[in-house]
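# Sequence and predicted structure, then a few things I'm wondering about:
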Amino acid sequence: MKPLFTAAALLLSTLPAVAQDDAVCMPTDEMEAALVDWYDETPAVMDDDGTIVWASGIGGSWTVVSYNENGTSCALAQGDNWTPNMDAGSLVAGLPYGQG
């Protein structure tokens, strides 16, 4: 299990400062620990669908996380320059799905 987590963590840590369209999924407790330990992010905004934006503070990094009933979570997008008026829906809607 550690190699999978390490690979996912490396992927998360190498994302550029713009939103990404590749979801990274892992057990929820591992996802949350990585966001807290590596990015100093905490839950900032919960959308109506249960998606949570984690953020490290105004102007800092942010991650949109969806939670699955099977105990896993997926990082849907990640970026920088967090502001309190950002919500998960608009961040995910802005992803360039189908481009590239």
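Received, thanks.

# Figure out the helix or strand that the nearest residue to G57 once chain neighbours are set aside lives in.
Take G57 and drop its neighbours on the chain: the residue closest to it by C-beta to C-beta, 6 or more residues apart in numbering is W82, 6.9 Å away. All C-beta atoms are positioned from the backbone trio N, CA, C, and that covers glycine. If you go by DSSP states H and E, W82 is not part of any helix or strand.

# ok, W82 - contacts?
W82 sits next to 44, 53, 55-62 when contact means C-beta atoms under 8 Å, 6 or more residues apart in numbering.

# For T83, give me phi and psi.
Dihedral angles of T83 (phi, psi; degrees, to the nearest 10) stand at phi -130, psi 150.

# hmm, I was thinking of S66
Main-chain dihedrals, S66, degrees, to the nearest 10: phi -100, psi 140.

# ok, what's across the strand from it?
For S66, the beta-bridge partners are C74 (DSSP bridges).

# quick one: it from D87, how far?
S66 sits 14 Å away from D87, taking C-beta to C-beta, to the nearest Å as the criterion.

# who's in contact with the residue nearest in space to the middle of the chain?
In the chain, the residue lying closest to the centroid (C-alpha atoms, centre = their mean) is T63, at 2.9 Å. By C-beta under 8 Å, 6+ apart, the contact list for T63 reads 12, 35, 39, 41, 53-55, 75, 77-78.

# Since that was my last question, I'll sign off now.
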